[in-house]
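Student: make a model of this:
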Amino acid sequence: MIRIVFLGTSCSNPTVERNLSATAVQFDGKWFLFDCPEGTQRQMMQSGVSYMKLQAIFFSHFHADHFLGFPGLVATMSMHGRDAPLYVFGPKGTKEEVRKSLNLAMMRKDFEIIAREVRSGKIYEEEKMLVNAFPLKHEVPCIGFAFKEKDKAGEFQRKKALDLKIPEGPLWSRLQKGQSVKVNGKTFRPEDVMDYSKGKTGKKISVVMDTLPNESYFDAIMDSDLLVHESAFTDAHKQRAKETKHSTAFQAAEVAAKTNAKQLVLTHLSPRNKDNEKIENEARRAFGNVVVAKDLMKMEL
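Tutor: From the prediction side, this is the model:
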């Protein structure tokens, strides 16, 4: 199961109802954070998102409303005795921005921060998941991310392998990866020990923050089970969205429709847009399964 928590949903500045935009994803006992504006750590505490189990932070870009919560979060983790490394990913300039923010806070940290600058392709991988990055079109270098649970080809049948006298160890691993093996001169194929009827396609969550909608990132987010897309503006301010390289709710919905998303969540909303129903109805003109995110809203896949 994958759990998604919308820690904040506003853009530019927080409001009484909305903190600045950040999204947390929990998978396999670990948390992954997408952007970290001011106030994020308090939202994490309120929603049960563990900063001590936070594995990585993925920064879309370094405008203040996406980044300023980072040094405070690092300080809190240090004060609570964190010793596990923290991975930080972002566009060009990430290493310098991380360095400057920690120096400005005059902070002593007791764990390693591994900062990596990325642009596109696979940037992070574990046994059961991976994260791909893709460039967006904003006023500064900006990156989107696709979190993907790995597909499960099938279920390995331990008893069958033992009955066939295939020794436990590397040979089992090779069979699970789809490779044939030889034991005492006899060849065994994956289908001899795999139940492929129990295979499943892993879930995919795409997070698209500040961007002018364009087809350059469509392939990267294709077939998302959940598309989290910024919608800073409504159609009434479409020209302003174009000038600042942002998306409207309707445009985000068009992206969802064109990329075969199963569900769309609109976030990163301008403080001037207070009517969630109006925003949702605008998006529904292009895509049906849409919801406007609220702070601390939780979803499961």
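Student: rest of the way, CA atoms for contacts and neighbours
Tutor: Will do.
Student: give me every residue that touches T234.
Tutor: By C-alpha atoms under 8 Å, 6 or more residues apart in numbering, T234 lies in contact with 248-250, 273, 279, 282.
Student: just the buried residues out of the residues you listed, in ChimeraX syntax.
Tutor: Selection command for ChimeraX covering only the buried members of those, criterion 16 or more other C-alpha atoms under 10 Å:
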select :248,249,250,279,282
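Student: nearest to L68, of the contacts of T234?
Tutor: Nearest to L68 among these: N273, at 23.1 Å, using C-alpha to C-alpha.
Student: can you tell me the closest non-neighbouring residue to F156?
Tutor: M194 (4.7 Å; C-alpha to C-alpha, 6 or more residues apart in numbering).
Student: which residues touch that neighbour?
Tutor: 154-157, 176.
Student: and for Q26?
Tutor: So Q26 contacts 2-4, 32 (C-alpha under 8 Å, 6+ apart).
Student: in strands only, show me those residues.
Tutor: Among these, the members falling in strands are 3-4, 32 (criterion: DSSP state E).
Student: quick one: which of those residues is nearest A261?
Tutor: I4 (16.3 Å).
Student: model confidence for the closest one, exactly?
Tutor: Confidence at I4, expressed as pLDDT, is 98.
Student: so how far is A24 from it?
Tutor: 6 Å (C-alpha to C-alpha, to the nearest Å).
Student: can you count the residues close to I113?
Tutor: Counted with other C-alpha atoms under 10 Å, the neighbours of I113 add up to 17.
Student: which of the contacts of T234 fall within strands?
Tutor: Going by DSSP E, the strands hold none of the contacts of T234.
Student: which pair in the contacts of T234 spans the largest distance?
Tutor: F250 and N273 (13.8 Å).
Student: helices along this structure, start to end?
Tutor: For the chain, helices defined by DSSP state H occupy the ranges 40-47, 64-67, 70-79, 94-104, 158-163, 170-176, 218-221, 238-244, 249-258, 276-284.
Student: can you redo these as a markdown table with mean pLDDT and distance to I113?
Tutor: Below are these laid out as a markdown table (pLDDT from 0 to 100; distance: least, C-alpha to C-alpha, whole Å):
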| stretch | mean pLDDT | distance to I113 |
| --- | --- | --- |
| helix 40-47 | 97 | 17 |
| helix 64-67 | 96 | 15 |
| helix 70-79 | 93 | 9 |
| helix 94-104 | 91 | 9 |
| helix 158-163 | 90 | 40 |
| helix 170-176 | 91 | 32 |
| helix 218-221 | 98 | 27 |
| helix 238-244 | 95 | 32 |
| helix 249-258 | 98 | 34 |
| helix 276-284 | 95 | 38 |
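Student: which of those helices is buried the deepest?
Tutor: helix 249-258 (a mean of 24; mean count of other C-alpha atoms under 10 Å).
Student: right, I'll call it a day here.
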